[in-house]
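Engineer: task: produce atomic coordinates for the following.
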Amino acid sequence: MKILGISGSPRKGGNTELLVRRALDVCKKRGADTEFISLAEKKINYWLESTRDDVDDVDEILDEMKSSDAIIIGSPTYFASVSGKLKSLFDRTLPLRIDNYRLSGKVGGSIAVGGSRNGGQEHVCIQIHNWMLLHEMIIVADRKTAHFGGIAVGRDPGDVLKDKLGISTVENLANRVFDVTKEMKE
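Structural biologist: Numbering: from 1, shown residues only. This is a model prediction of the structure:
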């Protein structure tokens, strides 16, 4: 079982990355192979007809998505929305839909980080879920502590590690992603 984690933050080593890595650590300890991608380190062009010939890192990311059984995507909350870089990646996944829905049946989960409690994180999770629905993915959430996924608070780098409730939602989400993916593979 391979689980891919994507941090949609433009900041390397930021709160979103910490939480996505925490989710992957939970999955790895339970026996999954994991892969991590930080969009902070990737060049992602906007979706324009001209981008089909431009060189960027999207094809590499799409290949990782296709080879994974589950995908956990995290984003910071910017005005109750996903990061611009993550939205650009979402737009660039259209070829996966056109190519017979290549993500169909894969398990997906979302993580959102905001600067304050009730700071729009649920909206971010819904946007990630909408993208997953359009790809016919199977969406899971943390059934114990949150209804949408891993949701945490952190303004400054590392702040999310102090948010015990937020960490528990991320860990519970990771366990659900692992469990559902395992059930589907059996």
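
Engineer: in this protein, which spans are strands?
Structural biologist: 2-7, 33-38, 70-76, 107-114, 138-139, 150-153 (DSSP state E).

Engineer: and the angle for the third one with strand 2-7?
Structural biologist: Put plainly, it is strand 70-76. Comparing the axes of strand 70-76 and strand 2-7 via axes from the mean of the first three to the mean of the last three C-alpha atoms, to 10 degrees yields an angle of 10 degrees.

Engineer: how far off centre is strand 70-76?
Structural biologist: Offset of strand 70-76 from its chain centre (C-alpha atoms, centre = their mean, to the nearest Å): 1 Å.

Engineer: do the last one as well
Structural biologist: Strand 150-153 has its average C-alpha position 13 Å from the chain's average C-alpha position, going by C-alpha atoms, centre = their mean.

Engineer: helices or strands up against it?
Structural biologist: For strand 150-153, the elements it packs on are helix 15-29, strand 107-114, helix 121-134, helix 164-185, judged by 3 or more C-beta pairs under 8 Å, 6 or more residues apart in numbering; DSSP states H and E. For glycine as for every other residue, the C-beta is placed from the backbone atoms N, C-alpha and C.

Engineer: need the contact list for the most centrally placed residue in the chain.
Structural biologist: Centrality entry for the chain: nearest residue to the mean C-alpha point is residue 73, 0.1 Å, by C-alpha atoms, centre = their mean. If a contact means C-beta atoms under 8 Å, 6 or more residues apart in numbering, then residue 73 has 5-6, 8, 20, 86, 108-111, 128, 131 as its contacts.

Engineer: if you set the cut-off to 10 Å instead, what comes out?
Structural biologist: 4-8, 16, 20, 37, 39, 65, 82, 86, 89-90, 108-112, 124-125, 127-129, 131-132, 149 (C-beta atoms under 10 Å, 6 or more residues apart in numbering).

Engineer: can you pull the contacts of residue 5?
Structural biologist: Shown in contact with residue 5 (C-beta under 10 Å, 6+ apart): 17, 19-25, 27, 34-38, 68, 70-74, 109, 111, 174, 177.

Engineer: which stretches of this protein have low pLDDT?
Structural biologist: Within the chain, the ranges that satisfy pLDDT under 70 run 49-54, 146.

Engineer: what's the burial count for residue 168?
Structural biologist: 16 (other C-beta atoms under 10 Å).
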